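> Next one to model:
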Amino acid sequence: MRCGFCGLEFPEEQGHTGCKNCPMSGGCKMVKCPRCNYENPPEPAVIKGLKKLFGRPQK
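Just a heads-up that it's a prediction; the model follows:
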């Protein structure tokens with residue numbers, strides 16, 4: 001995923017989970033950037049699938 005604030009591209013697993021005290025049911029689903037802590041929405045499954053399909057070759 002790409003941070004909407006600083007532009008860092010990082011795997012969603014590397015991001016910090018959002019706050020645990022949100023009034024939303026099940027807690028906050030936002031993912032914080034490891035560089036700037038900006039809260040980003042999680043990537044939709046369609047985008048993840050397209051990245052796997054057309055992604056860069058693994059080294």
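
> Run through the chain and note the low-pLDDT ranges.
For the chain, applying pLDDT under 70 flags the ranges 18-27, 56-59.

> where along the protein do the strands fall?
Secondary structure of the chain by DSSP state E: the strands cover 16-17, 31-32, 39-40.

> and the spatially closest residue to residue 11 that is not a sequence neighbour, how many neighbours does it have?
Nearest residue to residue 11, sequence neighbours excluded (CB to CB, 6 or more residues apart in numbering): residue 1, at 7.5 Å. For glycine as for every other residue, the C-beta is placed from the backbone atoms N, C-alpha and C. Residue 1 has 20 neighbours, counted by other CB atoms under 10 Å.

> how deep is residue 48 tucked in, by neighbour count?
Residue 48 - counted by other CB under 10 Å - has 14 other residues nearby.

> now stretch 41-59, how far from the centre of its chain.
Put simply, stretch 41-59 sits 12 Å off its chain's centre (CA atoms, centre = their mean, to the nearest Å).
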